[in-house]
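Participant: Here is my input, please return the structure:
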Amino acid sequence: MKRAYTLGLYEKAMPSDLSWKEKLQAAKDAGYDFVEISIDETDAKLSRLEWTEEERLDLVRTMYEVGIPIRTMCLSGHRKYPIGSNDPATEKRGMEIMEKAIRLAEDLGVRIIQLAGYDVYYEESTPETVKRFGENLKKCERMAARAGIVMGFETMETEFMNTVEKAMAYVNEVNSPYLGVYPDMGNITNAAVMYGTDVLADIRTGLGHLDAVHLKETVPGKFREIPFGTGHVDFPAVIGETWKAGVRRYVTEFWYTGNPEWKKDLDQAVGMMRPLLDAQEG
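Facilitator: Down below sits the predicted model:
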């Protein structure tokens with residue numbers, strides 16, 4: 001019997017030198033339903049946007065061969081090339097990245113692109129960068145709408161968009177079925193602790209607009225490489241709340257850090273999250 005949800009694996013949880021066939025097979029062996037591809041700010045990952053038609057077709061064939069698809073994309077390349085940048089060349093590159101990422105998503109069968117919620121990252125945020133971000137976001141939405149690809153804001157670790165509520169300000173302004181929120185449970189938990197607010201109430205501000213969820217562990221002030229079960233994210237509570245909000249697509253976000261037994265980390269993540277998600281179906 002098919003489950004009522006799908007659980008995906010963040011690509012960076014596996015060694016980067018594996019072939020796509022090896023990555024997909026490892027995800028399948030661990031019990032995942034799909035893989036989330038990374039298009040980050042490195043040249044290696046950004047070069048994927050230039051894949052030839054044959055390279056794209058090869059990857060699609062590999063998905064069918066292994067029996068597990070790529071269905072979401074983490075597009076963090078905008079950290080280096082933000083669409084709110086004061087530098088016209090950086091801004092132009094950021095918009096080009098968006099256009100090519102949508103095209104790649106179309107070709108691979110990706111349904112959701114997770115957008116980094118930054119106006120700028122390595123520059124200082126100003127009223128001008130915020131305004132430019134908003135203007136370009138509307139252009140991005142039109143590109144996504146044309147392709148039928150959903151974009152969802154990741155709630156980040158910076159003040160600009162570290163809560164669902166902040167992301168929803170832009171979602172409401174654009175007012176499109178192609179722009180929602182793809183929140184990071186670890187980041188919004190950290191924000192709730194910092195602001196003294198309720199993380200579940202923050203999730204509820206996105207009702208009707210939550211596309212998918214990143215299940216990530218954090219501790220106050222730290223946002224990466226915290227092993228599941230060693231941080232402060234209340235996974236039963238946030239899974240329950242996002243499930244009530246209609247989310248049915250989840251991704252475990254964690255990183256390969258050199259552990260030779262990294263496959264056990266995949267098994268542990270599935271072993272922790274599957275029962276919590278299965279419990280929602282009862």
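Participant: And the helices in the stretch 151-282 of the chain?
Facilitator: Taking DSSP state H, counting those that start in this stretch to define them, one finds helices in the stretch 151-282 of the chain at 164-174, 185-195, 199-204, 235-244, 262-278.
Participant: Any regions of the chain where pLDDT drops low?
Facilitator: Applying pLDDT under 70 to the chain flags residues 1, 282.
Participant: L179 and A145, how far apart?
Facilitator: L179 sits at a distance of 9 Å from A145 (criterion: C-beta to C-beta, to the nearest Å). C-beta: built from backbone N, CA, C; applies to glycine.
Participant: of the two, who's got more company?
Facilitator: L179 (25 against 16; other C-beta atoms under 10 Å).
Participant: coming back round to it: for the helices of the stretch 151-282 of the chain, which one sits closest to S19?
Facilitator: The closest approach between S19 and any of the helices of the stretch 151-282 of the chain, judged by C-beta to C-beta, belongs to helix 262-278 at 15.4 Å.
Participant: Put the alpha carbons of the closest one into PDB.
Facilitator: The C-alpha coordinates for helix 262-278 follow below in PDB (Å, rounded to 0.1, in the frame of the first residue of the first chain):
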ATOM      1  CA  TRP A 262      27.600   7.500   6.200                       C
ATOM      2  CA  LYS A 263      25.000   4.900   5.000                       C
ATOM      3  CA  LYS A 264      24.200   4.300   8.700                       C
ATOM      4  CA  ASP A 265      23.300   8.000   9.000                       C
ATOM      5  CA  LEU A 266      20.800   7.600   6.100                       C
ATOM      6  CA  ASP A 267      19.300   4.600   7.900                       C
ATOM      7  CA  GLN A 268      19.200   6.500  11.200                       C
ATOM      8  CA  ALA A 269      17.300   9.400   9.600                       C
ATOM      9  CA  VAL A 270      14.800   7.100   7.900                       C
ATOM     10  CA  GLY A 271      14.400   5.100  11.100                       C
ATOM     11  CA  MET A 272      13.600   8.300  13.100                       C
ATOM     12  CA  MET A 273      11.400  10.100  10.700                       C
ATOM     13  CA  ARG A 274       9.400   7.300   9.000                       C
ATOM     14  CA  PRO A 275       7.600   6.200  12.300                       C
ATOM     15  CA  LEU A 276       6.700   9.900  13.000                       C
ATOM     16  CA  LEU A 277       5.300  10.300   9.600                       C
ATOM     17  CA  ASP A 278       3.500   7.000   9.500                       C
END
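Participant: what's the angle from it to helix 235-244?
Facilitator: Here helix 262-278 runs at an angle of 60 degrees relative to helix 235-244 (axes from the mean of the first three to the mean of the last three C-alpha atoms, to 10 degrees).
Participant: could you say what helices and strands helix 262-278 packs with?
Facilitator: On a contact count with 3 or more C-beta pairs under 8 Å, 6 or more residues apart in numbering; DSSP states H and E, helix 262-278 meets strand 6-10, helix 20-30, helix 235-244, strand 249-252.
Participant: buried ones in the last one?
Facilitator: I take that to be strand 249-252. Going by neighbour count (16 or more other C-beta atoms under 10 Å), the buried part of strand 249-252 is R249, Y250, V251, T252.
Participant: residues in contact with the nearest residue to the last one once chain neighbours are set aside?
Facilitator: Taking C-beta to C-beta, 6 or more residues apart in numbering as the measure, T252 lies nearest to A269, with 4.4 Å between them; neighbours along the chain are not counted. A269 sits next to L9, A13, A30, F228, T252, F254 when contact means C-beta atoms under 8 Å, 6 or more residues apart in numbering.
Participant: ok, which stretches of the stretch 51-200 of the chain are strands?
Facilitator: Here the stretch 51-200 of the chain has its strands, by DSSP state E, counting those that start in this stretch, at 70-75, 112-116, 150-154, 179-181.
Participant: what does the last one contact?
Facilitator: The contact list for strand 179-181 (C-beta under 8 Å, 6+ apart) reads 137, 141, 144, 150-153, 155, 164, 167-168, 170-171, 206, 209-211.
Participant: Same question for the second one.
Facilitator: The set of residues that contact strand 112-116 without belonging to it, under C-beta under 8 Å, 6+ apart, is 36, 71-76, 78-79, 101-102, 105, 140, 144, 149-154, 156, 182, 211-212, 214, 249.
Participant: mind checking how far it is from the chain centre?
Facilitator: With C-alpha atoms, centre = their mean, to the nearest Å as the basis, strand 112-116 stands 5 Å off its chain's centre.
Participant: Partner strands of it and their direction?
Facilitator: In the sheet, strand 112-116 lines up against strand 70-75 (parallel), strand 150-154 (parallel) (DSSP bridges).
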